[in-house]
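**Student:** the following comprises the amino acid sequence and a computationally predicted model.
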Amino acid sequence: MKTARQIAKEIKEGKTSALAVVQESLNKIKELNPKINAFLEVFEEEALKKAAEIDAKPLDKRGRLAGVPIAIKDNILYKGHKATCASKMLENFVAPYNASVVERLLKEDAIIIGRTNMDEFAMGSSNENSAFGAVKNPHDLTRVPGGSSGGSAAAVASGMVSVALGSDTGGSVRQPASFCGVCGVKPTYGSVSRYGLIAFASSLDQIAPITLDSQDNALILSIISAEDKKDSSYTKPFVLKEEDIKNLTIGMPTDFLAGLNAEILSALNKAKEVLIKQGFKVKDITLPYAKYSSPCYYILAGSEASSNLARFDGLRYGYADKTAKDLEETYLKNRAAFGPEVKRRIMTGTYCLGSAHAQDYYLQAQKVREIIKQDFKRALKEVDIILMPTSPSTAFKIGEKINNILDLYLADLYTVPANMAGLPALTIPFGKDKNNLPIGIQFYGNYFEENKLYGLAKILEQEK
Ligand code: GLN
């Protein structure tokens, strides 16, 4: 599979046509999607039409992503197309406008080729929570691709597309990217507009690219990260530039890594050796509060979700049962369209926000979130970058953890802290385990310092 950079370059130079590129992507999807289930819908006719339009443009008028097929997670709005969040609740919902990120991509002549499968309402780490069937990991079809952007990660890893958008609330871009052996980022909170992203937990959600390598990732992020008055949490854009990273100090949080799986630890140590060989300083640091991120996250994300998802009652949005006789029955029947994990989050979130408990849960978790933020602030004064794994394990078997919710919640141990603190974090594949499954390693950086993460990633990618 060619990178987005290669595809756009060839199309801008007239060496290949957008039509040929789109056709190749469609053929790949037809061949592989029945096995992998990464796409919920492919916009075939429209994609071909757009490709022909791009091919008709003079070379110098073609955008930076000319003819690049891009898949979008099913919680991102693309006007006139369904956006279902892989839920029965929104099975027939059609987007009335474009998400700001979609506008940006279209402006650069990218081709939105379809919408990808996900855990329902972005809640999950394995993609088994989709109402439209689990996604399979392209490296081993008996295993999960990770979640919740598992469809997007699997679509890139299997070569159906070279770019897909996901959303990351607690790791949903980075964890599936690591399980599928591709590159994923969680940008600094506030650098990508959330306008047109169906909200899960608004103080944590960010849309982000999943790509074949870190340079493509940086390119796509620089395009989707742009000023947007429609999102009040937007702060400033990511501006792609080559940074001098020679003198960076990298920290490894030894306390947070305690008990880590031996194969993943060994991949991490190998990355450390490469960096030392390249002249970087690597030192041990501690992050004593990072381990509280997961429990804290499940209180805050659940609370925000319970509020955000209140609008799906069949009266304002979503599934409407026509047989209900009164208001109570209307709510009972309509809200039954949610799957079990979404119901669990709404119930725990409502409990944590309730007047009898908010003091002990929601407000307490807010305080812990601040302590976690301070923990990273302190560490990032000592070092420039923090190196850690992306996930405590590689891709697990479908069905292996679905009945062990706590185990599944711990799958985001290393990704959730970035969302809690609002920091950027980037995952790249680095090595394989004994089952030949990809291992992901992750760089955390300071606010708006994504360029440093991409710079380091490029060094490690060359070393593989
Ligand atoms: N796995 C986490 C959850 O289940 C993260 C989800 C996400 O980032 N959207 O909530």
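**Tutor:** Received the coordinates, thanks. Small disclaimer: the values here were computed from a predicted structure and weren't measured.

**Student:** ok, the one residue sitting closest to the centre of the chain - contacts?
**Tutor:** With distances taken as Cα atoms, centre = their mean, V173 lies nearest the centre of the chain, 2.0 Å away. By Cβ atoms under 8 Å, 6 or more residues apart in numbering, the contact set of V173 is 149, 152-153, 166-167, 184-186, 208-210. Backbone N, C-alpha and C define where each C-beta goes, glycine included.

**Student:** one more time with 7 Å, if that's ok
**Tutor:** Contacts for V173 (Cβ atoms under 7 Å, 6 or more residues apart in numbering) come out as 149, 166-167, 184-186, 208, 210.

**Student:** PyMOL command for the buried members of those residues?
**Tutor:** Buried residues within the contacts of V173, by 16 or more other Cβ atoms under 10 Å, are selected in PyMOL with:
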select buried, resi 149+166+167+184+185+186+208+210
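
**Student:** identify, from the contacts of V173, the entry nearest to the ligand.
**Tutor:** Closest to the ligand out of these is S167 (6.0 Å), distances taken as Cβ to the nearest ligand atom.

**Student:** and G190, how many neighbours?
**Tutor:** For G190, the count of nearby residues is 19 (other Cβ atoms under 10 Å).

**Student:** rewinding a little: in strands, which of the contacts of V173 appear?
**Tutor:** Using DSSP state E, the members of those that fall within strands are 166-167, 184-186, 208, 210.

**Student:** nearest to L423 among the contacts of V173?
**Tutor:** For the contacts of V173, the residue nearest L423 by Cβ to Cβ is K186; the value is 8.1 Å.

**Student:** the stretch 351-464 of the chain against the ligand: which residues are in contact?
**Tutor:** Proximity of the stretch 351-464 of the chain to the ligand, by Cβ under 6 Å from any ligand atom, involves residues D412.

**Student:** and the residue of the stretch 351-464 of the chain closest to the ligand?
**Tutor:** As assessed by Cβ to the nearest ligand atom, the ligand sits closest to D412 within the stretch 351-464 of the chain, at 4.6 Å.

**Student:** show the contacting residues for that residue.
**Tutor:** D412 makes contact with 125, 170-171, 175, 294, according to Cβ under 7 Å, 6+ apart.

**Student:** apply 10 Å and report the result again.
**Tutor:** By Cβ atoms under 10 Å, 6 or more residues apart in numbering, the contact set of D412 is 125, 146-147, 169-172, 174-175, 293-294, 297-298, 390-392, 419.

**Student:** among those, name the ones in helices.
**Tutor:** Under the assignment DSSP state H, the contacts of D412 contribute 174-175, 293-294, 297-298, 419 to helices.

**Student:** now the strands for the stretch 51-200 of the chain?
**Tutor:** 69-73, 111-116, 163-168, 183-186 (DSSP state E, counting those that start in this stretch).

**Student:** pLDDT averaged over the host helix or strand of L219 - what is it?
**Tutor:** Using DSSP states H and E, the element containing L219 is helix 214-224. Helix 214-224 carries an average pLDDT of 98.

**Student:** buried residues in it?
**Tutor:** Result for helix 214-224 [16+ other Cβ under 10 Å]: buried residues 214-224.

**Student:** go on, stretch 370-390?
**Tutor:** Buried residues in stretch 370-390, counting neighbours by 16+ other Cβ under 10 Å, are found at 372-373, 375-376, 379-380, 383-390.

**Student:** and for stretch 97-106?
**Tutor:** Neighbour counts over stretch 97-106 (16+ other Cβ under 10 Å) mark 98-106 as buried.

**Student:** kindly export it (C-alpha atoms) in CSV.
**Tutor:** Extracted C-alpha coordinates of stretch 97-106, given in CSV (Å, rounded to 0.1, in the frame of the first residue of the first chain):
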residue,chain,number,x,y,z
TYR,A,97,-23.8,18.7,7.8
ASN,A,98,-20.0,18.0,7.5
ALA,A,99,-17.7,17.7,10.5
SER,A,100,-15.1,20.4,10.3
VAL,A,101,-12.4,17.7,9.8
VAL,A,102,-14.3,16.3,6.8
GLU,A,103,-14.5,19.9,5.4
ARG,A,104,-10.7,20.2,5.7
LEU,A,105,-10.0,16.8,4.0
LEU,A,106,-12.4,17.6,1.1
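
**Student:** what mean pLDDT does that stretch have?
**Tutor:** Computed over stretch 97-106, the mean pLDDT rounds to 98.

**Student:** swap in stretch 346-355?
**Tutor:** On average, stretch 346-355 scores 97.

**Student:** put the alpha carbons of it into CSV.
**Tutor:** Output of stretch 346-355 as CSV, limited to C-alpha atoms (Å, rounded to 0.1, in the frame of the first residue of the first chain):
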residue,chain,number,x,y,z
ILE,A,346,-25.0,5.5,31.2
MET,A,347,-26.1,3.8,34.4
THR,A,348,-22.7,4.2,36.2
GLY,A,349,-22.3,7.7,34.8
THR,A,350,-25.8,8.7,36.1
TYR,A,351,-25.0,7.2,39.4
CYS,A,352,-21.7,9.1,39.7
LEU,A,353,-23.4,12.4,38.8
GLY,A,354,-26.4,11.9,41.0
SER,A,355,-26.8,14.4,43.9
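
**Student:** so what touches it?
**Tutor:** For stretch 346-355, the surrounding residues in contact (Cβ under 10 Å, 6+ apart) are 121, 123, 201, 298-310, 312, 335, 338, 357-358, 360-365.

**Student:** in the chain, what helix or strand scores lowest on average pLDDT?
**Tutor:** Lowest on mean pLDDT, DSSP states H and E among the helices and strands of the chain sits helix 405-409, with a mean of 89.

**Student:** which strands or helices does that helix pack on?
**Tutor:** With contacts taken as 3 or more Cβ pairs under 10 Å, 6 or more residues apart in numbering; DSSP states H and E, helix 405-409 sits against helix 293-308, helix 340-353.

**Student:** which of these sits most buried?
**Tutor:** Greatest average neighbour count among the helices and strands packed on helix 405-409 goes to helix 293-308 (a mean of 22), per mean count of other Cβ atoms under 10 Å.

**Student:** orientation of that one relative to helix 340-353 in degrees?
**Tutor:** When axes from the mean of the first three to the mean of the last three Cα atoms, to 10 degrees is applied, the directions of helix 293-308 and helix 340-353 differ by 90 degrees.

**Student:** now the next helix or strand after helix 293-308: buried residues?
**Tutor:** Scanning forward in sequence from helix 293-308 by DSSP H and E, the next helix or strand is helix 327-335. Residues 330, 333-335 are the ones in helix 327-335 that count as buried (16+ other Cβ under 10 Å).

**Student:** so where's the protein shaky on pLDDT?
**Tutor:** Applying pLDDT under 70 to the chain flags residues 464.
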